[in-house]
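1. I would like to see how this sequence folds:
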Amino acid sequence: MSGRSEQELEGVNLLGNQGTSYEFSYNPKLLEAFENKHAYRDYFVKFNCPEFTSLCPKTNQPDFATIYISYIPDKKMVESKSLKLYLFSFRNHGDFHEDCMNIILNDLVELMDPRYIEVWGKFTPRGGISIDPYTNYGKPGTKYEKIAEHRLMNHDMYPETVDNR
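-> Okay, here's the model as predicted:
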């Protein structure tokens with residue numbers, strides 16, 4: 001039977017842990033990574049996270065969003081339970097929508113050093129207006145850097161698999 005050895009799963013500690021605790025303050029140390037066994041190939045990994053919450057930095061009112069994360073991995077990939085717990089850690093984090101998306105992007109780039117990644121938040125309208133911040137990153141000096149520039153320059157912000165409002 002093929003699969004991953006215990007050695008390959010070293011550092012993946014949250015998955016399968018029955019005593020999971022939920023942190024209510026922003027904590028990037030929750031993120032865990034594992035080896036990409038298919039680093040020879042370009043492919044997308046997409047996460048749809050419909051239960052994101054953070055706080056308005058001025059009013060402390062909750063903000064709700066669906067977060068879409070798409071990336072082309074290089075050598076490392078983010079473990080999904082750790083990503084869920086990490087996103088949950090924003091629950092009491094007071095920051096603007098745009099800041100939250102850039103923080104998430106920066107933390108994932110630091111964790112995985114992906115070839116390409118984009119993070120998009122579709123925030124629930126408040127006061128009759130919604131904010132949908134989008135940020136991306138392409139590995140410098142590669143074709144992925146050019147893809148990131150192209151998507152921003154052409155306002156091609158919305159992932160193809162997601163319905164626009």
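2. need the helix or strand of the protein with the lowest average pLDDT.
-> Ranking every helix and strand in the chain by mean pLDDT, DSSP states H and E puts helix 143-153 at the bottom, with a mean of 88.
3. Give me the buried positions along that one.
-> For helix 143-153, burial by neighbour count (16 or more other CB atoms under 10 Å) applies to 144, 147, 148, 151. All C-beta spots, glycine's among them, are computed from the backbone N, C-alpha and C.
4. Can you lay out the residues you listed as CSV showing distance to residue 114?
-> Shown next, in CSV, are the buried residues of helix 143-153 (distance: CB to CB, whole Å):
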residue, distance to residue 114
144, 8
147, 12
148, 11
151, 15
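5. what about the least confident helix or strand of the chain, distance to the chain center?
-> 18 Å (CA atoms, centre = their mean, to the nearest Å).
6. same for it, what does it pack against?
-> strand 116-123, strand 134-138 (3 or more CB pairs under 8 Å, 6 or more residues apart in numbering; DSSP states H and E).
7. Residue 107 is nearest to which of those?
-> strand 116-123 (9.8 Å; CB to CB).
8. just the angle between that closest one and strand 134-138, please?
-> Counting by axes from the mean of the first three to the mean of the last three CA atoms, to 10 degrees, strand 116-123 lies at 170 degrees to strand 134-138.
9. Do you have the strands of the chain handy? List them.
-> Secondary structure of the chain by DSSP state E: the strands cover 33-35, 45-55, 62-72, 76-78, 116-123, 134-138.
10. Give me whichever of those strands is most buried.
-> Most buried of the strands of the chain, by mean neighbour count (mean count of other CB atoms under 10 Å): strand 116-123, with a mean of 23.
11. Thanks a lot, see you next time.
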